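**Student:** below is the sequence, then the predicted model.
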Amino acid sequence: MRPTTSSPAIIAEVRGLTKHYAGVHALTDAELTIRAGEVRALLGRNGAGKSTVIRLLSGVENADEGTVHIDGRELGDGGVRRATELGVQTVHQELSLVPQLSVAENMFLGVWPRAGGRVDYAAMRRKTQSVLDDLGLRMDADSLVGDLPLAEQQLVEIARAVRRSPRLLILDEPTSALAAGEVAIVLDTVRRIAETGVAVIYVSHRLDEIRQVASSATVMRDGRVIDTVELTEASTEHVVSLMIGDAVRSVERPDRRRVARDVTPLLTVTGLSVPPKVDDVSFDVYPGEVLGIAGLMGAGRTEILRAISGFAPGTAGEVSVEGRRVSTVTPSAMKKLGIGMTPEDRKGTGIVPLLGVDENITIANYDAVRTGTTIRWNRLRDAAEQIIDKLSIATARADTPIVNLSGGNQQKAVIGRWLHAGSRILLLDEPTRGVDVQAKEEIYGLVRELADQGASVVFVSGELEELPLVCDRVIVLRHGRIVDEMMGDRLTTDSVIAAAMTTD
Amino acid sequence: MTTTTQAAETPRRTRTLPAHRLNEIGLVVAIVLLYVVLGLSAAGFLSLDNQLGMLRDAATIGIAAWGVTLVIIAGEIDISIGPAVAFSSVLVALGSSKWGLGLAGAIVLTLVVGTAAGALAGWLRAEFGVPTFIGTLGLWSVFGGLGLYLTDALPVVLPENGFLDVMGGSILGIPTAALVMVVLLLVFVYIAKYTSYGRSVYAIGGNAAAAELAGINLKRVRVILFATTGLLAAITGILLAARLGAGSGSAASGLEFDVIAAVVIGGTALAGGRGSLLGTFLGVIFITVIGNGLVLLGVNSFLQDVIRGIIIVGAVLVNVWAGRRSNTTRTS
């Protein structure tokens, strides 16, 4: 931001920090120094160690070796309570709000103000409103958090952390679920917070946002801190090369694929309506085609996929597979027809955390790994290892609990589940959300490869820049309706973003 | 290519065991210790008669515990076991005596009613989302009341029958009930590990939403889970009636708690998603040995409950502590 003549005080000092989980060196010998008023970006691929650093700094887990000092005082093994005492506040990637309580009650979760032995709702409301006002957020302190759109919930989470007047504020991917308009507010807020002397750690995969808000960046790779660079001096290529290591791959637009559109589409959706989100949506997907659905959060993308796969059928509309209309759309019927869906909420509805990677992969099709009713575990492991190899899933063993894997590898396993099940119509809902650069490219390559083999893939994404990199055709969804369709030369990042975000 | 993330060396020499193995080893050690202590202090503990008697007692808990293990792994609970067993003993007794169905008919009736009632509780959960605590609480109350109502709270004597004698007695010196328990244990071990139904139970307990998206039929599994415990409770009731020679509406009082305690001590988490039948087996033995030991030591029967409660909580405490230490899985 701006160097002062005398160096601002050191807020966070990390020396020799090390943490292992069974078989995985999550963090080795990390060193960090962050000063008051500094916004330090924390960059790295998934699995690089960023989440581990955050968990150790916020006291959620204890380090195996090394020290953490906040404002000169040692964190030790005191846990979250001690970290909070020292002034560390974290806004995690996954929200930790209670949906059934109001904004005000969530802001004061666990520390509700009391007057005369009772909860003082008036004071709570007042203080909440003032924090929201300070941050320029227009929100009703009494609205139930569960009723708010995801983006506003994220802002409540940040406001809650700020209310505790932290010395060190850690933001873990605060904008990954937000639309363009809200991103600006978050960046604004972060700058404002830093100006008051708070040290900020900002974890994100979005370099352009980071440049707007951070002065320096610490790059991690394979559980180690590689380097800390001044963002004004470091080029994007340099930062990416630090993150990836040996090979710097510039992301180029791959060659256009040839898709035959004079045959019967593999999937046809006609007049689908899922009130209140989706209104009269129709599209085809041809064999070997990757169809992108572009839209911001709330546009209705997930609802369309859930309707097609039978989990939340619409009130109107038809789905046809290979030209044949499906009379009753149920999950088992659509699965039998070869439809497989990967959800956008990987942790909540994608993985079974305590089961191994092998079981998570084979869960959609046991027939392939059993004789009669008996599961043959050697066949199950073989089948899983085939997928693990094919998708380059990084895991210590095939039966490692999937929760131990990084986000990108978990996502690959969830996609791999439908490969194992032999699906030929894949519905991928935000498959690269929370996934690092390298894994993203691998997923793009995988999607195109599956299409080459004749599958139809529907690729939903709110990260609009990635759609031209992997899709043959993109339909744009806005407020539940298809407003545009692009392919060939017309399919560029700019045109997709413009179409998705233009206000009527 | 599979990238192994530096799995080759771990800094500590000894690899940490997964939590459930630690727990099982701990239980084996505890049981051995119990045998040593009770063998020395309780008169007749090590006698053949007592050991066989313990096996029979274990069966009363164990048979239902196999089913309840799967129920708890799936994230549900079944608190109806005690009254279900009692009611089943009443049904088989009434059926074969007062209602004139003959022994075979009475047994079939009992098994069918038990399975159907369980399936009802499972269906209420599957179709309407009625929590299984409430569903099985309803069964607990209904069975308890019906059992006493139909018998006027008096035991109903079973007719003399050779088959019943075997059921309530022994085969080749081993209590029949214990044989049934072991056979069923093997069946359930197979189900849990080698069938897609069994794996679905683990998946649903671990993340029901993800299991559903992967194509698992939640409703079907939930109904089957409780139909199974209903069936197992009915079997236990029939075996109990055979042994006592009568059906009683007040039999097996509090059995549901012993069953759940055995399952939880064995390492199955009440939160669901993990657990093992081997663990439950050790838990059943642990609880049976303690119960038997307290009786032989002449402890006042009310104090027995006090001591059992303390031991059960202590065992689970140790279990949880061992789980924390093990740390092979990320906590978030």
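**Tutor:** On my side now, so go ahead.

**Student:** for the stretch 301-450 of chain A, what spans make up the helices?
**Tutor:** For the stretch 301-450 of chain A, applying DSSP state H, counting those that start in this stretch gives helices covering A:301-308, A:331-336, A:357-362, A:377-390, A:407-420, A:437-452.

**Student:** briefly note if the second one comes near chain B.
**Tutor:** What that stands for is helix A:331-336. Yes. Remark: helix A:331-336 sits within contact range of chain B at A:331-332, A:335, by Cβ under 8 Å from any Cβ of the partner chain. All C-beta atoms are positioned from the backbone trio N, CA, C, and that covers glycine.

**Student:** circling back: got the helices of the stretch 301-450 of chain A as JSON lines, with mean neighbour count and mean pLDDT columns?
**Tutor:** Output for those, formatted as JSON lines (neighbours: other Cβ atoms under 10 Å in any protein chain shown; pLDDT from 0 to 100):
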{"stretch": "helix A:301-308", "mean neighbour count": "24", "mean pLDDT": "92"}
{"stretch": "helix A:331-336", "mean neighbour count": "18", "mean pLDDT": "93"}
{"stretch": "helix A:357-362", "mean neighbour count": "28", "mean pLDDT": "96"}
{"stretch": "helix A:377-390", "mean neighbour count": "17", "mean pLDDT": "95"}
{"stretch": "helix A:407-420", "mean neighbour count": "25", "mean pLDDT": "93"}
{"stretch": "helix A:437-452", "mean neighbour count": "19", "mean pLDDT": "88"}
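
**Student:** can you tell me what sits against stretch B:88-103?
**Tutor:** B:105-107, B:109-110, B:113-114, B:146-147, B:150-151, B:155-159, B:161, B:163-164, B:233-238, B:240-241, B:244, B:246-249, B:251-252 (Cβ atoms under 8 Å, 6 or more residues apart in numbering or on different chains).

**Student:** put the buried members of those residues into a ChimeraX selection.
**Tutor:** Remark: buried members of the contacts of stretch B:88-103, expressed as a ChimeraX selection using 16 or more other Cβ atoms under 10 Å in any protein chain shown:
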select /B:106,107,109,110,113,114,146,147,150,151,155,156,158,164,233,234,235,236,237,238,240,241,244,246,247,248,249,251,252
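
**Student:** out of the contacts of stretch B:88-103, which are inside strands?
**Tutor:** Among those, the ones falling in strands (DSSP state E) are B:156-157, B:246-247.

**Student:** out of the residues you listed, which is nearest to residue A:141?
**Tutor:** Nearest to residue A:141 among the ones in strands among the contacts of stretch B:88-103 is residue B:247, at 62.2 Å by Cβ to Cβ.

**Student:** ok, residue 153 - how many residues close by?
**Tutor:** No chain specified, so I'll use chain A. For residue A:153, the neighbour count with other Cβ atoms under 10 Å in any protein chain shown is 18.

**Student:** meant chain B, my bad for not saying
**Tutor:** Number of residues near residue B:153 (other Cβ under 10 Å) recorded here: 11.

**Student:** now swap in residue A:392 and tell me
**Tutor:** Using other Cβ under 10 Å, residue A:392 has 16 other residues around it.

**Student:** could you report the pLDDT at it?
**Tutor:** Note on residue A:392: pLDDT of 89.

**Student:** next one: residue A:181
**Tutor:** Per-residue pLDDT puts residue A:181 at 64.

**Student:** and if you look at residue A:277?
**Tutor:** pLDDT for residue A:277: 76.

**Student:** which residue, other than its chain neighbours, is closest to it?
**Tutor:** Counting by Cβ to Cβ, 6 or more residues apart in numbering or on different chains, residue A:277 lies nearest to residue A:300, which is 4.0 Å off, once chain neighbours are set aside.

**Student:** so the one you found versus chain B, what's the distance?
**Tutor:** Counting by Cβ to the nearest Cβ, to the nearest Å, the gap between residue A:300 and chain B amounts to 19 Å.

**Student:** OK, contacts around that residue?
**Tutor:** The neighbourhood of residue A:300, defined by Cβ under 8 Å, 6+ apart, consists of A:274, A:277-279, A:281, A:477, A:479-480.

**Student:** circling back to that earlier point, got the helices of the stretch 301-450 of chain A as TSV, with distance to residue A:191 columns?
**Tutor:** Formatted as TSV, the helices of the stretch 301-450 of chain A follow (distance: least, Cβ to Cβ, whole Å):
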stretch	distance to residue A:191
helix A:301-308	31
helix A:331-336	46
helix A:357-362	41
helix A:377-390	43
helix A:407-420	27
helix A:437-452	26
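
**Student:** quick one: the strands in chain B?
**Tutor:** B:156-157, B:170-171, B:174-175, B:246-247.

**Student:** out of the ones in strands among the contacts of stretch B:88-103, what pair is the most spread apart?
**Tutor:** Maximum pairwise distance among the ones in strands among the contacts of stretch B:88-103 (Cβ to Cβ): 8.3 Å, between B:157 and B:247.

**Student:** wouldn't residue B:261 be in contact with residue B:283 here?
**Tutor:** Yes. In this structure, residue B:261 is within contact of residue B:283 by Cβ atoms under 8 Å, at 7.3 Å.

**Student:** so between those two, which is more surrounded?
**Tutor:** Using other Cβ under 10 Å as the criterion, residue B:261 and residue B:283 rank with residue B:283 on top: 33 against 23.

**Student:** surely that one meets residue B:260?
**Tutor:** No. Using Cβ under 8 Å, residue B:283 makes no contact with residue B:260, being 9.9 Å away.

**Student:** next, show the common contact partners of those two.
**Tutor:** When Cβ under 8 Å, 6+ apart defines a contact, no residue borders residue B:283 and residue B:260 alike.
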